[in-house]
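Chemist: Attaching a predicted model along with its sequence, questions to come.
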Amino acid sequence: MKLAEVARPTAEAGEVILEIRAAGLCHSDVGALEDPGWLNFITKRPVVFGHEIAGVVCEVGTGVTEFAVGDRVGVCPTARVGVGAPGYVRDGGFTYFHRAEPRDLVKMPDGLSFELAALGTDAGMTSYHGIVTKGGLQAGMKVGVIGLGGLGQIGARVGVVLGAEVHVCEKNEAVWPMAEEIGAKSVVADVSEWKDRDFDLIVDYAGFGTTTAGAVNAVRRGGRVVLVGMGVLEFTLSTVAMIRKQAQVVGSSGGTREDVAAVYRLLADGKITPAVTVIGFDDIPKGLEDLRDGKVKGRLVARIDH
């Protein structure tokens, strides 16, 4: 990455311009910088990074009726199916202004901070989509959450709030107290400790291969494993475990505006309170280094001051 001058965008017909107030940092940003496999997802190069964006509408193009100047909004990075997310196919949020279409935007509830709104657009949306929309979570389910990082902490808390019995697998014992604060029933260091525990649903927010394989061994017959994390880009599953358990392994990517809106309501109501560290714009490169080195607890968000 490097600091560069980019032209301020202007709104064409059917577009809006946001004055960015907060932009989240994500492990996928680290992946794009460190793992050549991620480059296939970045079709615009050079590109302004940052796909977690919240701000204020400052310009409206002709034909736009859903939003007005002054509206506080977050940007759903996956709203336009098949188009691609900001930071990948179009300039993202590590800057001051962002061009978007109305179908990208979700209005922020009163009282929701820009920092929480930014992380809600991806960390919140992706977590919710994985455990609720793809996972089919219902009250009373026995649910496992693998990874208590920026995504897992939100997913686990959503499970608790919606009435599931949530258990956590997290190798970093320093964050185990967070599992108790969230309301998890138990926490283990390795997914192998869950073998034959007959979970209804396990959501793997880590995705390091062995975590997903271990999850298949831990679900009940007919149970579901949802893979969200991309810690590695390839792994192996046990054919025997898959067949004998008739396990469902489902991939989950991103989410919808409806998922973002649901997360915004939970955030605004204080029902989920993710750990978040706020940094400045100039601290973004160091923040990504800290993410890479595992030094960040929860989620990292840059406040964009104008």
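Modeler: Noted; the coordinates are in hand. Residues are numbered from 1 along each chain as shown.
Chemist: Spell out which helix or strand contains Ala261, please.
Modeler: helix 257-268 (DSSP states H and E).
Chemist: helices or strands up against that helix?
Modeler: strand 105-107, helix 114-119, helix 125-128, helix 152-161 (3 or more CB pairs under 8 Å, 6 or more residues apart in numbering; DSSP states H and E). From N, CA and C alone the C-beta is placed, and that goes for glycine too.
Chemist: now the angle from that helix to helix 152-161?
Modeler: Counting by axes from the mean of the first three to the mean of the last three CA atoms, to 10 degrees, helix 257-268 lies at 80 degrees to helix 152-161.
Chemist: what comes into contact with helix 257-268?
Modeler: 74, 76, 79, 103, 105-106, 108-112, 116-117, 120-121, 124-125, 127-129, 132-133, 154, 158, 161, 272-273 (CB atoms under 8 Å, 6 or more residues apart in numbering).
Chemist: Tell me which of the helices and strands packed on helix 257-268 sits most buried.
Modeler: Using mean count of other CB atoms under 10 Å, the stretch among the helices and strands packed on helix 257-268 with the largest mean neighbour count is helix 125-128, at a mean of 30.
Chemist: Name the surrounding residues that touch the lowest-mean-pLDDT helix or strand in the chain.
Modeler: Lowest on mean pLDDT, DSSP states H and E among the helices and strands of the chain sits helix 27-34, with a mean of 84. Residues outside helix 27-34 that contact it (CB under 8 Å, 6+ apart): 1, 38-39, 41-42, 49-51, 87, 149-150, 230, 288, 291-292.
Chemist: how about the strands in the stretch 1-150 of the chain?
Modeler: In order along the chain, the stretch 1-150 of the chain carries the following strands (DSSP state E, counting those that start in this stretch): 16-25, 52-60, 72-75, 97-100, 105-107, 142-146.
Chemist: Adjacent strands (with direction) for the first one?
Modeler: This means strand 16-25. Sheet pairing here is set by DSSP bridges, and for strand 16-25 it gives strand 52-60 (antiparallel), strand 97-100 (antiparallel), strand 299-303 (antiparallel).
Chemist: what is the mean pLDDT for the helix holding Ala261?
Modeler: For helix 257-268, mean pLDDT is 96.
Chemist: Could you point out the helix or strand that follows it?
Modeler: Scanning forward in sequence from helix 257-268 by DSSP H and E, the next helix or strand is strand 276-280.
Chemist: Turn the helices and strands packed on helix 257-268 into CSV, including distance to Glu66.
Modeler: Formatted as CSV, the helices and strands packed on helix 257-268 follow (distance: least, CB to CB, whole Å):
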stretch, distance to Glu66
strand 105-107, 8
helix 114-119, 18
helix 125-128, 19
helix 152-161, 27
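Chemist: These: which one's closest to Thr62?
Modeler: Ranking those by proximity to Thr62 (CB to CB) places strand 105-107 first, at 16.9 Å.
Chemist: hmm, back to that, which stretch among the strands paired with strand 16-25 comes nearest Lys142?
Modeler: strand 299-303 (26.6 Å).
Chemist: circling back: with distance to Leu33 and mean pLDDT added, can I get the strands paired with strand 16-25 in TSV?
Modeler: Output for the strands paired with strand 16-25, formatted as TSV (distance: least, CB to CB, whole Å; pLDDT from 0 to 100):
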stretch	distance to Leu33	mean pLDDT
strand 52-60	16	98
strand 97-100	21	96
strand 299-303	15	95
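Chemist: what stretches of the stretch 201-306 of the chain score poorly on pLDDT?
Modeler: Of all residues in the stretch 201-306 of the chain, none has pLDDT under 70.
Chemist: where along it do the helices fall?
Modeler: For the stretch 201-306 of the chain, applying DSSP state H, counting those that start in this stretch gives helices covering 210-218, 239-245, 257-268, 284-292.
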